[in-house]
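> requesting a structural model of the entry that follows:
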Amino acid sequence: PHKALHEWQALLRALDADAEFRARLLSDFHIASAKATYVYYLKSHRATPYHVIDQAFRAFMKAGPDACLSEHMDVLEGITVDDLMAAFRAHLKPFLQPECVSTVIVCGTEALKTTLADCAPYMTTPVSRTLTELMAEGKWP
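Okay, the predicted model is just below:
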């Protein structure tokens, strides 16, 4: 688990501080690829008769007879690097502040001490608890 935590933190730090990394990650090609993936998901998910009827009904109830299912496409086309960075700052950058994050790592008791030591650099105050302790305190069903 500590390697995944390390990679996540490294990715967020690079996105925050490294303009070259940010430019590579948020290139026109990558943004277009992400949009294409979403469009494929959107179209394939809504390709069943049930979803077509459901989405049309919801759109009609929301916007009336002029409702259009292309709303998502218009919003999607308008997404820019600035929009993505605003979303990063609002939703992902807080993960760089250890005091704002709680991480739960589940592992066997024999690996508890080494896992805690491996993860300690990424946490402000690491705390280890065993399932037996949580059950004794009534904090586990």
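> all contacts plus neighbour counts: C-alpha atoms, from now on.
Fine.
> so where is the chain shaky, pLDDT-wise?
1-2, 46, 63-72, 98, 101-103, 141 (pLDDT under 70).
> and the residue nearest the centre of this structure?
The centroid of the chain falls nearest to Leu92 when counting by CA atoms, centre = their mean (7.7 Å).
> now that one, nearest residue through space, not along the chain?
The spatial neighbour of Leu92 that comes closest, neighbours along the chain excluded (CA to CA, 6 or more residues apart in numbering), is Leu12 at 7.4 Å.
> elements contacting the helix or strand harbouring that neighbour?
Under the criterion of DSSP states H and E, Leu12 resides in helix 2-17. Using 3 or more CA pairs under 8 Å, 6 or more residues apart in numbering; DSSP states H and E as the contact criterion, the elements in contact with helix 2-17 are helix 19-25, helix 112-119.
> nearest to Ala87, of those?
With CA to CA as the criterion, Ala87 lies closest to helix 19-25 of the helices and strands packed on helix 2-17, at 13.7 Å.
> so which bits of that closest one are buried?
Counting neighbours by 16 or more other CA atoms under 10 Å, one finds that the buried residues in helix 19-25 are Arg22.
> which secondary structure elements does that helix contact?
Counting contacts by 3+ CA pairs under 8 Å, 6+ apart, the secondary-structure elements packed against helix 19-25 are helix 2-17.
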